[in-house]
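A.B. asks: model the following, please.
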Amino acid sequence: MDDRVTPEAMFREIDAEFRFTLDVAASPDNARCRRFFTRDQDGLSQSWAGETVWCNPPYSNIGAWVKKAIDEVRGGCRGVVLLIPGNRCEQAFWQDLVEPVRDRGLGITTRFLRGRRHFDLPGKMVRRKEARPPFGLVLVIVEPRGKED
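C.D. replies: Model prediction:
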């Protein structure tokens, strides 16, 4: 579940709006930006300052990536878009970090994506029924406070 590859077409559509400069949770085979951090480079321990960041995080540790995104935007990152499951709204990271501020002009907005998107699978890069997760997706957009006004 942690190694789902963001489909190229989906990424391009989102990238057209945000113009990402860094993919912080990638591998050489699935990176969606020229600059990227691999699992070994550990995007959670790197600086994202000055970057516009794409993040399709490991779904086993979403909270750490959301917190990092918020901290990095406060520290000079231009913005972060995270692609996460839309059925995690009851979890602590959502309730503590996202819900209190989302869509209120306080730095975090959300966009629930329509339908269930197919992911590519590592090494296969073909769409299969198993590549569609049993949940919808949401973009969590973290920007400098007030930018979304």
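A.B. asks: from here on, just use CA atoms for contacts and neighbour counts.
C.D. replies: OK.
A.B. asks: average model confidence for the lengthiest helix in the chain?
C.D. replies: Scanning the chain for the helix with the most residues, using DSSP state H, yields helix 62-74. For helix 62-74, mean pLDDT rounds to 97.
A.B. asks: repeat that for stretch 97-115.
C.D. replies: For stretch 97-115, the per-residue pLDDT averages 91.
A.B. asks: got it, and stretch 77-92?
C.D. replies: 94.
A.B. asks: hmm, who's touching that stretch?
C.D. replies: 48-57, 59, 62-63, 66, 69, 73, 94-95, 112, 135-144 (Cα atoms under 8 Å, 6 or more residues apart in numbering).
A.B. asks: tell me which residues of it come out buried.
C.D. replies: 77, 78, 79, 80, 81, 82, 83, 84, 85, 88 (16 or more other Cα atoms under 10 Å).
A.B. asks: do me a favour and get the end-to-end distance for that stretch?
C.D. replies: End-to-end span of stretch 77-92 (Cα to Cα, to the nearest Å): 24 Å.
A.B. asks: show me where this structure has strands.
C.D. replies: Secondary structure of the chain by DSSP state E: the strands cover 22-26, 36-38, 52-55, 79-85, 108-112, 137-142.
A.B. asks: packing partners for the last one?
C.D. replies: Okay, so that is strand 137-142. With contacts defined as 3 or more Cα pairs under 8 Å, 6 or more residues apart in numbering; DSSP states H and E, strand 137-142 has these neighbours: helix 62-74, strand 79-85, strand 108-112.
A.B. asks: quick check: closest non-adjacent residue to residue 72.
C.D. replies: Nearest non-adjacent residue to residue 72, counting by Cα to Cα, 6 or more residues apart in numbering: residue 48, 6.2 Å away.
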